[in-house]
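S.K.: build me a structure from this.
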Amino acid sequence: MPYAFTEQGVAMLSSVLRSKRAVLVNVAIMRAFVRLREILSTNKALAEKFAELERRVESHDEHIHSLFEAIRQLMTPPEMPRRRIGFGQEGSK
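M.R.: Just a heads-up that it's a prediction; the model follows:
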């Protein structure tokens, strides 16, 4: 998963960081969230595409995980059958 803050995470971060730069960045991020919410609420087609993209990315995680699992299985060397040592019952009838 990508490292990203939710809108609530940014709000919580503002209570911890007190520098002038942190406050300015926090305000800019919060404005971006507000703007994104406004755009999504006014443009239903964009909201649907955004939801579709979110669903598609979620399924990619599952596919990538299964791909890595298949690669791991291919990387493990096959187990060779052990040869028996000594006399067997093959020669005697």
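S.K.: excluding chain neighbours, what is closest to Met30?
M.R.: Val10 (6.0 Å; C-beta to C-beta, 6 or more residues apart in numbering). Glycine gets a C-beta too; all of them are placed from N, C-alpha and C.
S.K.: can you tell me the element Ser66 falls in?
M.R.: For Ser66, the host element (DSSP states H and E) is helix 44-75.
S.K.: before we move on, back to that, convert the C-alpha atoms of the one helix or strand the residue nearest to Met30 maps to to PDB, please.
M.R.: Under the criterion of DSSP H and E, Val10 resides in helix 7-14. Extracted in PDB, the C-alpha atoms of helix 7-14 (Å, rounded to 0.1, in the frame of the first residue of the first chain):
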ATOM      1  CA  GLU A   7      -8.000  13.700   5.500                       C
ATOM      2  CA  GLN A   8      -8.400  12.800   9.100                       C
ATOM      3  CA  GLY A   9      -4.700  11.800   9.300                       C
ATOM      4  CA  VAL A  10      -3.700  15.300   8.100                       C
ATOM      5  CA  ALA A  11      -6.100  16.900  10.600                       C
ATOM      6  CA  MET A  12      -4.500  14.800  13.400                       C
ATOM      7  CA  LEU A  13      -1.000  15.700  12.200                       C
ATOM      8  CA  SER A  14      -1.800  19.400  12.500                       C
END
